[in-house]
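[1] When you get a sec, could you give me coordinates for this:
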Amino acid sequence: MYSSLNIYNQQITQAPTTVVSPNSAYQRMAVFWDLIADLKEGTYKIRSEHRKYLPQLEREVDDSYDRRLSRSTVVPYLQRIEKMLSGMLVRKPVRLDDCSDLVREQLFDVDLEGNDLNIWLYQTARTVISFGHCGVLVDAPKEGEKTRPYWVTYKPSDILGFRSEVIEGARELTQIRLLERVVEPDGPYGEKTVTQVRVLERGRYEIHRKDEKKGEYKLFEEGEMSLKDKIPFAVAYSNRVGMYESRSPLYDIAELNLKHYQIQSDLDNILHISSVPLLAVFGYPNADEITTGPSEAISLPPESRMEYISPSGDSYDSQFKRLDDIKEQINTLSLAAVLGQKLVGESAEAKQIDRSQNDSTMMVVAQQMQDLIDNCLKFHSEYLNEPNAGSSFVNRDFVSARLTPQEIQAYLQLYTTGATTQETLLNQLSAGEILGDDFDIEEEIENTQNGGLTETEELATPAPVAEPAEEPASDQEE
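    Reported below is the predicted structural model:
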């Protein structure tokens, strides 16, 4: 029977009254974040939460519980799934088209933290897949300062609230509040973390910092932004519910991961206790103390006996089977067709159906991440007054699709018979992962048309000298 405290149907009663107050969408999502965030940090974080994730049993004393907690470990299913799904998006580098040289060069350090575009995409995709969405602010220094724009990623828990309006037929962001933690120097060698809220509106910004003594947020800084008619903030979803609202696609896996942790903790504790057989004495009068050992002997009455008691080997089969069932459920929910073989056999047709469904799910995430990059490229180019923002393409080949030797031979035969062009052949070989990522098809075609010579070598080759024409024979010789 449930207790009077119902944690599953809490009413959203907190109305935003201050700059740090979360809106209703934030409050609806917040109940799903703690478990995922703690599982991402692993065993140490789960243990530090004590009874929140590992309940104390009835009549279990604190010392026994602490020993059981210290032996309990979390199998990192959620971490593995999140990293592998994000890694599939960057299995091939992000392709940039019609992007200016200046922007392309700055994307080698896209966030001013030493991460290029592909590493940044991997880290951002982990947030999107784990929590449901994330936002990216293309920030720039104050107007008049000569430094470059950079990209800042915000988790859903950092987006406190927003406002939007329909402007010229499109819904545009008119205000957004972002929670930030800034590390600043403190004394000659120390540092301190300052909590602040950044409020962005069209063409202007405000920064409110927390007063540690009073606990209130006060205006610390305000000013105008370089972009006057928009807020340079973009968002990507993996499981959208509404505008700036989502649910984690991995939440059910997180619950199974937690259940696996709890059941395995119980099983490990039972095995630890029962691994040492219990000495039992039958038909012997009560005694204050009985000692045994290799150099000791015990005298017992004729009708008494002494033996060790231990559970049978199959007494834990149900718990081991339950752990295997949870593993199978996690594997099934975690896009098993692209992450690896399932724990149970299945037909080839079932695998093909699973693969198509999972690829479709990842296709949506890839398209969202691509749109996110395109929007950020647009904001980045506007800061620099670059005419061409360019576009991107995020990988959709989530598993290896390398061509077999038979397929390569078939493509070569089509080319030699004139059924396909050289460009088509090279495109197919590149898509089949036969050629390297840095292979330039257009350059290769141009070189082969020039007989293998580069443009410089072609200009340096002297023109052939024409031989003099043979003079006709004179009449005297005739």
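[2] and Arg163, backbone torsions?
    As for Arg163, its main-chain torsions (degrees, to the nearest 10) stand at phi -140, psi 150.
[3] same question, the one 10 residues further on
    For Leu173, the backbone dihedrals (degrees, to the nearest 10) come out as phi -80, psi 130.
[4] That one: how many residues sit nearby?
    By the criterion of other Cβ atoms under 10 Å, Leu173 has 22 neighbours. (C-beta placed from N, C-alpha, C; glycine too.)
[5] For the residue lying closest to it once chain neighbours are set aside, give its distance to Met243.
    Spatial nearest neighbour of Leu173, excluding adjacent residues (Cβ to Cβ, 6 or more residues apart in numbering): Ile231 at 4.7 Å. According to Cβ to Cβ, to the nearest Å, Ile231 and Met243 sit 14 Å apart.
[6] With neighbour numbers in mind, choose between those two.
    It is Ile231, of Ile231 and Met243, that has more neighbours when counted by other Cβ under 10 Å, with 23 against 13.
[7] Return the residues in contact with that one.
    Residues counted as contacts of Ile231 (Cβ atoms under 8 Å, 6 or more residues apart in numbering) are 173-176, 200-202.
[8] Surely it forms part of a helix?
    No - counting by DSSP: H, G, I helix; E, B strand; the rest coil, Ile231 falls outside a helix, being coil.
[9] pLDDT score assigned to it?
    What the model reports as pLDDT for Ile231 is 93.
[10] Make residue 1 into 8 and carry on from there
    Got it, the first residue is 8 from now on, which makes the last one we talked about Ile238.
[11] Now do the phi/psi pair for it.
    For Ile238, the backbone dihedrals are phi -100, psi 120 (criterion: degrees, to the nearest 10).
[12] Against Leu379, how distant is it?
    Taken as Cβ to Cβ, the span from Ile238 to Leu379 is 15 Å.
[13] Grab the nearest non-local neighbour of the residue nearest the centre of the chain.
    Nearest to the mean C-alpha position of the chain, counting by Cα atoms, centre = their mean, stands Arg133 at 1.5 Å. Leaving aside its sequence neighbours, Arg133 sits nearest to Ser93 (Cβ to Cβ, 6+ apart; 4.6 Å).
[14] element containing that neighbour, please.
    Element membership for Ser93 (DSSP states H and E) is helix 84-96.
[15] how about that helix: buried residues?
    Using 16 or more other Cβ atoms under 10 Å as the test for burial, helix 84-96 gives 84-86, 88-93, 95-96.
[16] So which of the residues you listed is the closest to Asp331?
    Of all these, Tyr84 has the smallest distance to Asp331: 13.5 Å, by Cβ to Cβ.
[17] Now Gln203. Nearest residue, chain neighbours left out?
    Nearest to Gln203 is Arg216, by Cβ to Cβ, 6+ apart, at 4.5 Å.
[18] Are we agreed that the one you found is in a helix?
    No - looking at Arg216 with three-state DSSP, it is strand, so not inside a helix.
[19] Tell me who's in contact with it.
    Contacts here follow Cβ under 8 Å, 6+ apart; on that basis Arg216 touches 201-203, 224-225, 227.
[20] and of those residues, the nearest to Lys162?
    Closest to Lys162, out of all of the contacts of Arg216 and judged by Cβ to Cβ, is Thr202, at 14.8 Å.
[21] Got the phi and psi for the closest one?
    Backbone torsions of Thr202, given as degrees, to the nearest 10, read phi -90, psi 130.
[22] who does it bridge with?
    Counting by DSSP bridges, Thr202 is bridged to Arg188.
[23] Tell me, what's the model's pLDDT at it?
    Thr202 is given a pLDDT of 92.
[24] Report how many residues lie close to it.
    For Thr202, the count of nearby residues is 14 (other Cβ under 10 Å).
[25] before we move on, back to that, how much space is there between the residue nearest to Gln203 and Val27?
    From Arg216 to Val27 the distance is 11 Å (Cβ to Cβ).
[26] just Gln413 next, same as before
    Separation of Gln413 from Val27 (Cβ to Cβ) stands at 63 Å.
[27] So between those two, which is more surrounded?
    The neighbour count for Gln413 versus Val27, taken as other Cβ under 10 Å, is higher for Val27 (17 against 7).
[28] Can you list the residue ranges for strands in this structure?
    Under the criterion DSSP state E, strands of the chain are mapped to 102-104, 140-146, 157-161, 166-174, 177-193, 197-208, 211-217, 224-231, 240-244, 247-249, 252-253, 285-289, 312-316, 398-400.
[29] which stretch among those comes nearest Glu430?
    Using Cβ to Cβ, the strands of the chain put strand 102-104 closest to Glu430, at 17.3 Å.
[30] Of the contacts of Ile238, select the buried ones using a PyMOL command.
    In PyMOL, a selection of the buried entries from the contacts of Ile238 looks like this (16+ other Cβ under 10 Å):
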select buried, resi 180+183+207+209
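[31] out of the contacts of Ile238, what pair is the most spread apart?
    Taking Cβ to Cβ, no two of those sit farther apart than Ile183 and Arg209, at 10.5 Å.
[32] tell me the contacts of the residue nearest to Gln86 when sequence neighbours are not counted?
    Using Cβ to Cβ, 6+ apart and skipping the chain neighbours, the partner closest in space to Gln86 is Lys47 (6.1 Å). Contact analysis of Lys47 by Cβ under 8 Å, 6+ apart lists 85-86, 89, 137.
[33] Against Asp331, how distant is Lys47?
    24 Å.
[34] picking that back up, wait, the residue nearest to the centre of the chain touches Glu89, no?
    Yes - judged on Cβ atoms under 8 Å, Arg133 makes contact with Glu89 at a distance of 5.5 Å.
[35] quick one on the thing from earlier: which one among the buried residues of helix 84-96 gets closest to Leu419?
    Met95 (30.0 Å).
[36] Which residue is the nearest non-sequential neighbour of that closest one?
    Residue nearest to Met95 in three dimensions, not counting chain neighbours: Phe405, with 4.1 Å by Cβ to Cβ, 6+ apart.
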